[in-house]
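# 3D model of this:
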Amino acid sequence: MSSTARRRRRSQHSPRKLPRTPTGNVEVLLIQTIDHLGQQGEVVAVKPGYARNYLLPQGLATIATEHHKRMIEKHKARLQEIQRARLAGLRALAETIGAQSVTIEANANDEGHLYGSVGANDIVAALKGNGITITPDQVRLTGPLKELGMYTVQIHLGYDIDAQLRLWVVPAVQGERAAPGA
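Numbers count the residues shown, from 1 in each chain. As a prediction, the model looks like this:
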């Protein structure tokens, strides 16, 4: 194979070159807010591998060209309005969760110790029964709940917005048998 053919073949399969800053990083425009990196609409400098392997394929960012930077300046007010609406929705959800009192039934012995434990997935399922949808990683527990009683559970909704949920862990009704492994 000639050197020209090798060069042509190599250029077809090489990854797209990313424009780099003088420090060797790549400037990307964030399409979504990413914790510990930046807010939606910001231009941030990241390592080329992080941009190429995670941010760009996941659709979380795009290359920050001059055109994109001008477009962001034009739409900054619109983005801020969307952000305000999102924060207002999260604050309303925090108030709704704070007004809730959730009861979870669990099998326990006579001393009040649970045979299993109540974890984040159980709390998410109980809230879903009340029409509130959150994810298990938003539930902040110091550890699994292993005794009957009332607990205050912190729910982190994002953007430094937290809600306090009152949770009652009560013994399961004696007439009902729990499914094996539950």
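# Quick check: mean pLDDT of the helix or strand hosting residue 74?
Per DSSP states H and E, residue 74 falls inside helix 66-98. Helix 66-98 shows a mean pLDDT of 86.
# Any buried residues in it, and which?
Within helix 66-98, the residues scored as buried using 16 or more other CB atoms under 10 Å are 72, 90, 93-94, 97. The way it works is simple: take the backbone N, C-alpha and C, and place the C-beta from them, glycine included.
# Which single one of the residues you listed is nearest to residue 65?
residue 72 (10.7 Å; CB to CB).
# now that closest one: how far from residue 20?
20 Å (CB to CB, to the nearest Å).
# Between helix 66-98 and the strand or helix carrying residue 154, find me the angle.
Secondary structure assignment for residue 154, by DSSP H and E: strand 149-158. With axes from the mean of the first three to the mean of the last three CA atoms, to 10 degrees defining the directions, strand 149-158 sits at 160 degrees from helix 66-98.
# Pairing partners for the helix or strand that strand 149-158 is followed by, with directions?
Scanning forward in sequence from strand 149-158 by DSSP H and E, the next helix or strand is strand 161-171. Within its sheet, strand 161-171 is paired with strand 101-106 (parallel), strand 149-158 (antiparallel), according to DSSP bridges.
# need the helix or strand of this structure with the lowest average pLDDT.
helix 3-13 (a mean of 53; mean pLDDT, DSSP states H and E).
# and after it, which helix or strand comes next?
Heading C-terminal from helix 3-13 (DSSP H and E), you reach strand 26-30.
# Return the residues in contact with the residue nearest to residue 83 when sequence neighbours are not counted.
Once flanking residues are discounted, residue 83 sits nearest to residue 40: 7.2 Å by CB to CB, 6 or more residues apart in numbering. Residue 40 sits next to 30-33, 79, 83 when contact means CB atoms under 8 Å, 6 or more residues apart in numbering.
# at 7 Å what do you get?
Shown in contact with residue 40 (CB atoms under 7 Å, 6 or more residues apart in numbering): 30-33, 79.
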